[in-house]
Structure formats: structure tokens, C-alpha cells
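> here is the input, now give the coordinates:
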Amino acid sequence: MTQLQVECVQGDIARQADMDAVVNAANAQLMPGAGVAGALHAAAGPGLAQECRSLAPIRPGQAVISSAHGLPNRHVIHCLGPVYGVDEPSDRLLADCFRNALVVADQAGLASIAFPAISTGVFGYPVPEAARVAFDAIAETAPKLVHVNHIRLVLFSAGDCAEFQQALSRSSLRSSG
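Predicted structure coming up:
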């Protein structure tokens, strides 16, 4: 495997044209909703929801793949993150989202994937803890990846981006962005 590039950027998950896949912080039914799910479904168009009907429901930590429809990517990988304080153990379920999404992307032969801050919005996961869990899961999964060589965390706010950047600098991964 080539050198893994991991980066954090502030931006819009629906506008990551250089990524093979974007990750949807989905609801169990994979339908449009608030936050990331709403933004991705709006940008992708109604075909995404139509395709997702046959993939739902999913469980916390699970990842499924669809085409990207109107998005500038090849695929969308949908993950259901845990509701903090409800779905337990939250840390394992959140880590499973990252691990499973990376495995799904790798099995599909994808080289690049962009993640949002899964579970940190309406699901209430504290951003610093979510960032640590995310990078620990990525570091654990990275040695097993054959195709994925570029992982981007796309954070909506500057504050979230700073928290994820700090967690990346403290992780065993090397920041490249």
C-alpha cells in the first residue's frame, strides 16, 4: 500500500469532487434528514433516496454503499452513528462506523473517502471525543487497507475542524493537510 494521506478540512461534505466516496451520517432508514444526510440527499437528488430504500434499515455502526447520483463522487457510503448516551457502547459503535466505511470503500476498490463528523450533530456526540474515536479507528484499520490511500475529515465549522486537527496531531496517524 502507498503512504496513507489523512487530512482535516473545513467545508461542505457534498462538495468533495476529488474524493471517490463521501460518507453520509445517515439515519436508520437512509432517508433525507437534518445535517449531513439532508445536504447529501439535496445535492444528490431523489435517485439517492430511491436507491437507499432497498438498503435500509441499518444498525448503529453499520455501513452500506450506494451510487452517488448527482454528487460529484462515485459512491456514497452510509453509516448510522450512535446517539450519544443512548446507543451503547457509543465509542465502539462510532469506531465501527469508521472501520466499516473504510472496509466497504476498500472492497469497492476506492482510493479516497471523505467523512463528516459522524454523530456530533443532533446525535449529541462530544466533538473532541468523537475525533479521538475516529482517528483511533482509522489508525487501527489503515494497515489492512489495500486501495484506500486518502482519507479526509470534512468539518462544517472552524471549531470542529480545529478539534479534529488537534486529535489528528495526537494520533498515531501523520497529518498531511
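> make it CA atoms for all contacts and neighbour counts henceforth
Fine.
> nearest the middle, which residue of the protein would you pick?
Residue closest to the average C-alpha location in the chain (CA atoms, centre = their mean): Phe115, at 3.0 Å.
> partner residues bridging that residue?
Beta-bridge pairing of Phe115 under DSSP bridges involves Leu153.
> in the chain, where's the longest helix?
The longest helix of the chain (DSSP state H) is helix 90-107.
> give the buried residues for it.
Neighbour counts over helix 90-107 (16 or more other CA atoms under 10 Å) mark 90-91, 93-106 as buried.
> so which residues make contact with it?
Helix 90-107 is contacted by residues 21, 23, 60-65, 77-84, 87, 111, 113, 118-119, 130, 133-134, 136-138, 141, 145-148 when judged by CA atoms under 8 Å, 6 or more residues apart in numbering.
> could you give the number of residues near Gln166?
By the criterion of other CA atoms under 10 Å, Gln166 has 15 neighbours.
> who are the packing partners of whichever strand or helix holds it?
Gln166 is part of helix 158-170, with elements assigned from DSSP states H and E. Helix 158-170 sits against strand 5-10, helix 127-141, strand 150-155, with contacts defined as 3 or more CA pairs under 8 Å, 6 or more residues apart in numbering; DSSP states H and E.
> closest one to Pro32 among these?
When the helices and strands packed on helix 158-170 are compared by CA to CA, strand 150-155 sits nearest Pro32, at 19.1 Å.
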